[in-house]
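Visitor: The following block contains a protein sequence and its predicted model.
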Amino acid sequence: MTNHRSSNSRRHFLKGIGAAGVASLTGPMIIGSAQASTTEWDETYDLVIIGSGFAGLAAAIQARQMGLENVAIFEKMPYFGGNSAINGGLFAAPGTPLQEKEDVTDSVDVMVADQLAAGRGVAHEALLRHVAANAASALQLCLDAGSEFHPYLQQLGGHSVPRTYQTTVNCGAGITRPLLDKCRELGVTTRNRSRFSSFVQEDDGRVVGVTLDTRYYYDRDVSEGPTINVRGKYGVLVATGGFSQNIDLRAAQDPTLTSEVTSTNAPGATGEAMLAMFRLGAIPVHLAFIQSGPWASPDEGGFGYVSNYSIFNFPHSVAINRSTGKRFMNEIADRKTRADAELANRDENGEPLPPILITSYEHAKEHPSAKKVLKYDVGWKFDDLDSLAREFGVAVGPLQAQIAEYNEYVRDGEDKQFGKPMDKISGKFIEAPYMVVRLWPKVHYCQGGVAINLKAEVMESSSGAPIPGLYAAGEVTGGIHGVSRLGSCSIPECMVMGITAAKSVVENKT
Amino acid sequence: MNQPNFLSHARTVSLAFLALSALASSLAYGQLRDFDGMMGRDYHARLHDRGRCTACHEDSGEAVAGYPKDGICLDCHRMEKLVSATMPEAEEDKLQNPHDSLHYGREVPCIECHGEHTRKEPLCADCHNFDFPDHQE
């Protein structure tokens, strides 16, 4: 979608620089593939990687460490890191040093079993097993690059044991930035504002390169640099993430996900490289399984501060329906269960009535973002239940009864309402003073994408064989998690499959 | 706090913020002004008054070609100074420095948050309710 500008008069051009003026210059979208025989290469690398999130960065490091000389990462956005740079920085792995320290019994089998349950029968067991088996070593790659993690584990929704690390900055940037630095240290070419346009194929279908628009300005959807043909001698890896920010595409899969539903994702998560792979014949899998995060807040944009705060606090908190004053879900059920339950919170006119998450301030303040949540007015502290109930329009009687009932469950170690596992929250009663955030799901993750095999090769629909030279890793791939991905299982997947893709490129080289 | 029943709290906040910043911009340095049919920032008045478009835009002969190249602002503005000018005082807020952020370090191109000819919200506002009182939309 390159727009070559020519001799507009100075004033004329500059007056047209606003969004409307530029939109008129934008041509139709043309994405497909070009033939290698008629392509003149502007640049040549051993491996071309599209996207600079966890998967792309991990692949580049692995490729360089295995001896590929020239590796390049092309990023559409003005800055590097993709959606990974704004995610929660939560990394699940079985058999880690922290599990040993905290005396947690876990295994690849147990982690896979948890994920299969959330996958509701259609997850890809072999891929889950491959990721779980290699997650601890992928975590080590992050540590080696300089990532720092909190010295404790968390137990996220749907996980049967605590197995989740989190970066000390509570964000994926605690991984992407060290990995990006490591890439550059290893001589990886990193280029921003470079938008994937199409693949270049040999006559036999082998993917040998890509066409890119350069100096791309995503917010105006124009490209001001030349369109270049970049050869990937040994392959092209697509690591471009999901399509949560492509409203037409996601609403076509799930009509409930209209523009009225916001997303946690970075604006670049629009899926055009995934669509181009479908045009090459890649098998589409599970595109309608689009996950909303049940820990998000309607009081801030994107992932914000509340998401991680809620993830940490859900185990020892109660989520309350404001119409009834009662709990309405197991606060650490899997994401889909909770998001669906939250969406059912409506007022008498059917309008959204965001539920509230009530936590003892004593426990809430333990989360590193709690101060930010209060400071930026996305969560609030209350000294007593009366003022809390009044603020959110909840009848105080039922609420008081609910909290007393829940505290009995805490005492007895059994949640008779929703079966929440209570063994890890012993003694964590809901008591004044309280801290409250509001909850409303946001579109967070696309379980669907292109089908890959255990080597991160993209599978072709008519032959059932891999498309030679084409690899994919991370959220752009589909089917691994089934209906609902468990929290903190994306980073290990991205890292492990990025590393796997690089290994496959090297293996397939000869 | 806002009305509990109102879902789009964030929008309310940002509208209030816009209104406030419009008020502030009538007083503060950095506001958008009309320079002979071209909107521009008052602190760049000397460039606008002299028609020096090529201070930022590439000169392709008879026309100004496209957006300024990333990094060209740093021909005049020193990164170190920008970073220190916006460094939060509290230790716990230091990662919120818009010129040296937790997410992207110092790598966000200037025009992602600053519009010379147009209003522009800071990138942080996509997800956070930060208050940058000196940022002139």
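Guide: Sure thing, it's come through. Please read these numbers as outputs of a predicted model, since none were measured by experiment.
Visitor: measure the residue nearest to A:Gln154 when sequence neighbours are not counted to B:His48 for me?
Guide: Spatially, and ignoring its direct neighbours in sequence, A:Gln154 is nearest to A:Thr164 (4.6 Å; C-beta to C-beta, 6 or more residues apart in numbering or on different chains). All C-beta spots, glycine's among them, are computed from the backbone N, C-alpha and C. In this view, A:Thr164 and B:His48 are 53 Å apart by C-beta to C-beta, to the nearest Å.
Visitor: So which of these two has more stuff around it?
Guide: A:Thr164 (27 against 21; other C-beta atoms under 10 Å in any protein chain shown).
Visitor: Contact partners for that one?
Guide: A:90-92, A:153-156, A:487-488 (C-beta atoms under 8 Å, 6 or more residues apart in numbering or on different chains).
Visitor: can I get those residues in JSON lines with secondary structure, neighbour count and distance to A:Ile175?
Guide: As requested, the contacts of A:Thr164 are exported to JSON lines (DSSP: H, G, I helix; E, B strand; the rest coil; neighbours: other C-beta atoms under 10 Å in any protein chain shown; distance: C-beta to C-beta, whole Å):
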{"residue": "A:Leu90", "secondary structure": "strand", "neighbour count": "23", "distance to A:Ile175": "10"}
{"residue": "A:Phe91", "secondary structure": "strand", "neighbour count": "28", "distance to A:Ile175": "8"}
{"residue": "A:Ala92", "secondary structure": "strand", "neighbour count": "29", "distance to A:Ile175": "14"}
{"residue": "A:Leu153", "secondary structure": "coil", "neighbour count": "23", "distance to A:Ile175": "17"}
{"residue": "A:Gln154", "secondary structure": "strand", "neighbour count": "22", "distance to A:Ile175": "16"}
{"residue": "A:Gln155", "secondary structure": "coil", "neighbour count": "20", "distance to A:Ile175": "21"}
{"residue": "A:Leu156", "secondary structure": "coil", "neighbour count": "26", "distance to A:Ile175": "17"}
{"residue": "A:Gly487", "secondary structure": "coil", "neighbour count": "28", "distance to A:Ile175": "16"}
{"residue": "A:Ser488", "secondary structure": "coil", "neighbour count": "25", "distance to A:Ile175": "12"}
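Visitor: Pull out the buried residues from stretch A:112-127.
Guide: A:112, A:114-119, A:123-124, A:127 (16 or more other C-beta atoms under 10 Å in any protein chain shown).
Visitor: farthest-separated two in these?
Guide: Using C-beta to C-beta, the buried residues of stretch A:112-127 span at most 16.0 Å, a distance reached by A:Ala117 and A:Leu127.
Visitor: Nearest residue to the residue in chain B that chain A sits nearest to in space, ignoring adjacent ones along the chain?
Guide: Residue nearest to chain A within chain B: B:Cys127 (3.3 Å; C-beta to the nearest C-beta). Spatial nearest neighbour of B:Cys127, chain neighbours left out: A:Gly302 (3.3 Å); criterion: C-beta to C-beta, 6+ apart.
Visitor: from memory A:Ala288 sits against A:Pro255, does it?
Guide: No. Between A:Ala288 and A:Pro255 no contact is recorded; they are 9.7 Å apart, counting by C-beta atoms under 8 Å.
Visitor: Quick one: neighbours of B:Ser60, just the number.
Guide: 13.
Visitor: how near is it to B:Gly40?
Guide: Relative to B:Gly40, and taking C-beta to C-beta, B:Ser60 is found at 21 Å.
Visitor: same deal with B:Cys113?
Guide: Distance from B:Cys113 to B:Gly40, by C-beta to C-beta: 17 Å.
Visitor: With A:Asp347 instead?
Guide: The gap separating A:Asp347 from B:Gly40 is 47 Å, by C-beta to C-beta.
Visitor: of these two, who's got more company?
Guide: Between A:Asp347 and B:Gly40, counting by other C-beta under 10 Å, B:Gly40 is the more crowded of the two (18 against 12).
Visitor: hmm, stretch A:485-505 in reach of chain B?
Guide: No. Remark: stretch A:485-505 sits outside contact range of chain B, by C-beta under 8 Å from any C-beta of the partner chain, the gap being at least 15.5 Å.
Visitor: related to what we said a few turns ago, what sits against the residue of chain B closest to chain A?
Guide: Per C-beta under 8 Å, 6+ apart, neighbours of B:Cys127: A:86, A:300-304.
Visitor: mind showing which ranges of chain B have poor pLDDT?
Guide: Along chain B, segments meeting pLDDT under 70 span B:1-28, B:62-63, B:65.
Visitor: residue in chain A nearest to chain B?
Guide: Residue nearest to chain B within chain A (C-beta to the nearest C-beta): A:Gly302, separated by 3.3 Å.
Visitor: State the distance from that residue to A:Leu180.
Guide: Distance, A:Gly302 to A:Leu180, by C-beta to C-beta: 21 Å.
Visitor: Skip the chain neighbours and tell me the closest residue to A:Pro421.
Guide: A:Ile332 (6.9 Å).
Visitor: Quick one: the strands in chain B, in order.
Guide: Assigned by DSSP state E, the strands in chain B fall at B:32-35, B:38-41, B:58-59, B:64-65.
Visitor: out of the ones you listed, deepest packed?
Guide: strand B:64-65 (a mean of 20; mean count of other C-beta atoms under 10 Å in any protein chain shown).
Visitor: Check whether A:Tyr217 really touches A:Arg195, as I assumed.
Guide: No. Using C-beta under 8 Å, A:Tyr217 makes no contact with A:Arg195, being 9.5 Å away.
Visitor: With neighbour numbers in mind, choose between those two.
Guide: Using other C-beta under 10 Å, the more surrounded residue of A:Tyr217 and A:Arg195 is A:Arg195, with 26 against 19.
Visitor: Quick one: residues contacting the closest residue to that one other than its chain neighbours.
Guide: Excluding the flanking residues, the one nearest A:Arg195 by C-beta to C-beta, 6+ apart is A:Tyr216, at 4.0 Å. Residues near A:Tyr216 by C-beta under 8 Å, 6+ apart: A:76, A:193-195, A:222-225.
Visitor: hmm, 6 Å instead?
Guide: A:193, A:195, A:223 (C-beta atoms under 6 Å, 6 or more residues apart in numbering or on different chains).
Visitor: List the residues that contact the residue most central in space within chain B.
Guide: Centroid check for chain B by C-alpha atoms, centre = their mean gives B:His114 as the closest residue, at 2.9 Å. With contacts defined as C-beta under 6 Å, 6+ apart, the neighbours of B:His114 are B:Lys120.
Visitor: what's the answer for A:Thr477, then?
Guide: Under the criterion of C-beta under 6 Å, 6+ apart, the contact list for A:Thr477 reads A:449-450, A:452.
Visitor: Of these, which belong to strands?
Guide: Under the assignment DSSP E, the contacts of A:Thr477 contribute A:449-450 to strands.
Visitor: A:Asp203: which of the contacts of A:Thr477 is nearest?
Guide: A:Val450 (22.4 Å).
Visitor: follow-up on the earlier one: does the residue nearest to B:Cys127 lie in a helix or a strand, and which?
Guide: Assessed by DSSP states H and E, A:Gly302 sits outside every helix and strand.
Visitor: right, and it touches A:Ser263 too?
Guide: No. Applying C-beta atoms under 6 Å, one finds A:Gly302 not in contact with A:Ser263, separated by 7.4 Å.
Visitor: These two - which one has more neighbours?
Guide: A:Ser263 (27 against 21).
Visitor: still on that earlier bit, between A:Ala288 and A:Pro255, tell me which one has more neighbours.
Guide: A:Ala288 (14 against 9).
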